[in-house]
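In: Okay, here's the prediction I keep looking at, along with the sequence it came from:
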Amino acid sequence: MNLDEFFVTGEPLIYAGMVSIVLVTSAMIFLLTYFKKWGWLWREWLTTVDHKKIGVMYILSALAMLFRGGVDALMMRVQLAFPDLNFLNAQHYNEIFTTHGTIMIIFMAMPFLIGLMNIIVPLQIGARDFAFPFVNALSFWSFFFGALLFNISFVIGGSPDAGWTSYTPLAGAAMNPGPGQNFYLLGLQLSGIGTLATGINLMVTILKMRAPGMKLFKMPIFSWSTLVTSFIIIFAFPILTVALALMTIDRIFGSQFFTLTGEGLPMMWANLFWMWGHPEVYIVILPAFGIFSEVIATFAKKRIFGYHAMVWSMILIAGLSFLVWVHHFFTMGAGAFVNSVFSVSTMLIAVPTGVKIFNWLGTLYKSKIQFTTPMMWALAFIPSFVIGGVTGVMLGMAAADYQFHNSYFLIAHFHYVLIAGTVFACFAGLEYWYPKMFGHKLNEKLGKLSFWLFVIGFHVTFLPQYFLGLDGMPRRLFDTAPEWFTLNFISTVGAFGMGAGFALFVFNIYYSYRTSQRETTGDSWDGRTLEWATPTPIPHYNFATLPTIRDIDAFVEMKKRNETTYDESKLKPIHMPNNSGQPFIMMALLFMASFALVFEWITLSVIFLVGVLIMMVIRSFDEDDGHHVEVEEIKETERSLRGL
Amino acid sequence: MSTNVNHAPLEYQTEHNQMSILGFWIFLAAEVVLFSTLFATYAVLFGRTADAPTPSELFELDIVLVMTFLLLTSSFTCGIAIHQMRHGSNKGLITWMIITLALGLGFLGFEVYEFIHYSHEGATLPSSAYWSSFYVLAGTHGLHVTLGIGWAILLLIQLFKKGITKVTSRKVFIISLYWHFLDVIWIFIFTSVYLIGMVV
Ligand code: HEM
Ligand SMILES: [Cu+2]
């Protein structure tokens, strides 16, 4: 293979990308060396098994991915702003909508939420870490290297270009030769391992490590949403694993699952993909529901309305989410009966979703709302998400979907649910828990400004797209027609508004770091749940002692009784896990094996795989049992944190 | 939560062990989904053999019966191994584990022979959609058995070195769950792939 086949050549935009990658990487290497921070990076971050630090790394990576996916989006919107614009050619446009969709769902939305779960769930349920901290680190590095593998495709080898849904036969070897699609398959496979492991880890953590007295039905809603989400992950992700593996074997080893030859069935891919894909959209929305529930209860200063209905509706949604996948391809021709069945099951999902909407409204009803930025996101979420949900039900009517399918109407639908649901929730959650994580709040003025920019920009971008869809504009089109000009132009203007909102959000992180007042109490918002009972900064063992939990709003009750998470008479040494470099090394090796497989260098790939196996053997013989934090150390830490 | 753990078997005596075992059960649930997806794919692609031979032309009952016998017996001997562990006999545990592994290796040997035989008859992975799904379904099971054998060897070394401790008993118990699980999967492969493939 020649070097110019290895690197992508001939595209000025991609050259610019290469230059900026080289610059940023060298700057980072320079800074780390100049300030002698390599050891710190390794000891404090790359080898950490602390759920709080892993969560921070997840969120940082997700923000970086939001930036990358956002740049993709803005490039698409520029191209669509004017008819016959030659900013992107057809091939480049295909690559960009593929990477945009994949990155936003797999490498932005999920890691962002998993990052918040990492930090918050153990704190909410009164645990000192995950059930399997080592596995948690493994999960993070598998996501990180999966994302890296997927992202380097645009400078090395070429990006995938068959859409985030990668339908066959288009994505098969015959019509899509070269490494691009392999990057998609192996990048997702690599990060999928981590997602599944996280699902198992969170489930065991929540089932086994709750504070004394915290029955399942006394658990905060965000932890409940995490439990239900891990259930979906455990039952949906293996389907993706198989689907990706089958297409990989098709492309690299010549099997005939999804091919047009050898009696393969390309439609099988669509089924497998959406059997995972629809549960996946609920994997990214249920935690968002959980975040909004916490935020709304805190700033309405009321217990969440209809706690049990909230929980049961989530469980129902999780079950139903496995029974609707065919609505993504009503037009594939499964027949009237099959379409009708899936049409009905799709509309059924709207019922528990509606229940939740009324629960949030019920919580807000007659409450004294405190308009903080996280609360603003939550309030903007409710009406916006309703629009997304109602248009979803429209799409769910099979007959009507023949008209809407693969038009901009569909694009508008899923952006209304994914942005107004998931992205608003990520911002709300980050701002809400920020003082717990970093010891100071984000600036409210800048926060509100970025909120308005982003929310107005969002509606200006996507509301016109419903009408573009009704006017017949298909999705995945790289060149628009003059009659769609006005709405497209408006949409592009809105997109830049969202971009500005995001930029301001990130700037606010820096600005607040410099100027915000530091937290002293640990209870920044007059919180209701256990995470606010810890001091800030949180000691690495989280809780010195735990009182018996009596109520859903555990901390409200504790405040009434004057209880804290530090009872000197009950102190005992605390067992904590040790840091380990193995997760990083193991996943780095798996990354190299996958990279070799992308280029179909089988021998090299096998060599690295053997490396991974050796790491597993080392792990099996590893007798690292962790360490104990002694009572004296706990006393010292807690006294200084609590100013006793 | 961990009250009364002292009457429990050794592998259940620490909270950490209990969590590992629960985690592994959940992992097996994910494995059930994984194999179900492969079975579904196989069912959908059944009969799509293109120009390649059909399964009823190639499948032979005697060899598959031997494989089934080997694997089912290995599940039984694995159960005896756990029984020995519960009675604190490291020697018995190791002996029965080695017998289990030998049976597993026998199974694998026949499977490899079988695959080679079919491919000589013109049924290979790329031959047709049906044969792709056959090789991937049976091969995934075979790969699981292979990994299980490698893993068990690591545990045997640890048993030699350390005897039956809380840690090793947990590990052995977990691999026994894994081994029985593979046995169950094989029963489904035996019936829905081989038996049905022979008659249809
Ligand atoms: C009331 C609930 C919902 C209903 C009834 C619904 C219905 C539908 C239907 C029928 C389609 C397929 C339309 C077509 O391709 O023609 C669709 C697409 C989609 N939905 Fe929803 N949906 C709902 C909620 C959600 C949520 C909560 C999310 C994610 C957070 C979501 C994300 C998506 C995505 C990503 C697609 C398009 C995928 C693609 O083709 O690329 N939906 N929805
Ligand atoms: Cu769906």
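Out: Great, that's in hand. Residues are numbered from 1 along each chain as shown, chains lettered A, B, ... in the order given. Ligands and ions are numbered 1, 2, ... in the order given.

In: okay, the closest residue to ligand 1 within chain B: pLDDT?
Out: For chain B and ligand 1, the shortest gap (CB to the nearest ligand atom) falls at B:T37, measuring 20.3 Å. (Each C-beta comes from the backbone N, C-alpha and C, glycine too.) B:T37 is assigned a predicted lDDT (pLDDT) of 98.

In: Please report how far it lies from chain A.
Out: According to CB to the nearest CB, to the nearest Å, B:T37 and chain A sit 4 Å apart.

In: And the lengthiest helix in chain B, what does it pack against?
Out: If you go by DSSP state H, chain B has its longest helix at helix B:129-162. With contacts taken as 3 or more CB pairs under 8 Å, 6 or more residues apart in numbering or on different chains; DSSP states H and E, helix B:129-162 sits against helix A:221-253, helix A:602-621, helix B:15-45, helix B:90-120, helix B:166-188.

In: where does the chain dip in pLDDT?
Out: You didn't pick a chain, so chain A it is. Within chain A, the segments meeting pLDDT under 70 span A:1-2.

In: hmm, I had chain B in mind actually
Out: Within chain B, the stretches with pLDDT under 70 are B:1-6.

In: if I read this right, the residue of chain B closest to ligand 1 contacts A:P238, doesn't it?
Out: Yes: contact criterion CB atoms under 8 Å: B:T37 and A:P238 qualify, at 6.5 Å.

In: can you pull out the strands in chain A?
Out: Using DSSP state E, the strands of chain A run over A:574-576, A:627-629.

In: just so I know, which of the ones you listed lies nearest B:W186?
Out: Counting by CB to CB, B:W186 lies closest to strand A:574-576 out of the strands of chain A; the figure is 40.1 Å.

In: Output the contacting helices and strands for the closest one.
Out: So strand A:574-576, by 3+ CB pairs under 8 Å, 6+ apart, packs with strand A:627-629.

In: who's in contact with A:Y365?
Out: By CB atoms under 8 Å, 6 or more residues apart in numbering or on different chains, the contact set of A:Y365 is A:F305.

In: who's in contact with the closest residue to A:L323 other than its chain neighbours?
Out: Closest residue to A:L323 apart from its sequence neighbours, by CB to CB, 6 or more residues apart in numbering or on different chains: A:S345 at 4.7 Å. By CB under 8 Å, 6+ apart, A:S345 lies in contact with A:L320, A:L323, A:V324.

In: go on, A:V311?
Out: A:F217, A:I221, A:W224.

In: Likewise for A:R210?
Out: Counted by CB under 8 Å, 6+ apart, A:R210 has contacts A:I125, A:G126, A:A127, A:L216, A:M219, A:I549.

In: quick one on the thing from earlier: next one: the residue of chain B closest to ligand 1 relative to A:M268, how far apart?
Out: Noted for B:T37: a distance of 11 Å to A:M268, by CB to CB, to the nearest Å.

In: and if you look at A:F329?
Out: As for A:F329, its distance to A:M268 is 12 Å (criterion: CB to CB).

In: Quick check: B:F110 touching B:L70?
Out: Yes: under the criterion of CB under 8 Å, B:F110 makes contact with B:L70 at 7.3 Å.

In: and these two? which has more neighbours close in?
Out: Neighbour count, other CB atoms under 10 Å in any protein chain shown: between B:F110 and B:L70, B:L70 has more, with 20 against 17.

In: Now do the contacts for that one.
Out: Neighbours of B:L70 in contact, by CB under 8 Å, 6+ apart: B:L103, B:G104, B:G106, B:F107, B:F110.

In: can you do 6 Å?
Out: B:L103, B:G106, B:F107 (CB atoms under 6 Å, 6 or more residues apart in numbering or on different chains).

In: Can you tell me, leaving aside adjacent residues, what's nearest to the first one?
Out: Right, the one you point to is B:L103. B:S74 (3.6 Å).

In: which ones are touching the one you found?
Out: The contact partners of B:S74, taken as CB under 6 Å, 6+ apart, are B:T100, B:L103, B:G104.

In: Output those residues in a markdown table; the columns should cover distance to A:V22 and neighbour count.
Out: Formatted as a markdown table, these follow (distance: CB to CB, whole Å; neighbours: other CB atoms under 10 Å in any protein chain shown):
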| residue | distance to A:V22 | neighbour count |
| --- | --- | --- |
| B:T100 | 55 | 25 |
| B:L103 | 56 | 20 |
| B:G104 | 51 | 23 |
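
In: near ligand 1, which residues of chain A?
Out: Residues of chain A lying near ligand 1 by CB under 6 Å from any ligand atom: A:165, A:281, A:284-285, A:327-328, A:346, A:349-350, A:353, A:389, A:392-393, A:395-396, A:401, A:404-405, A:410, A:413-414, A:417-418, A:421-422.
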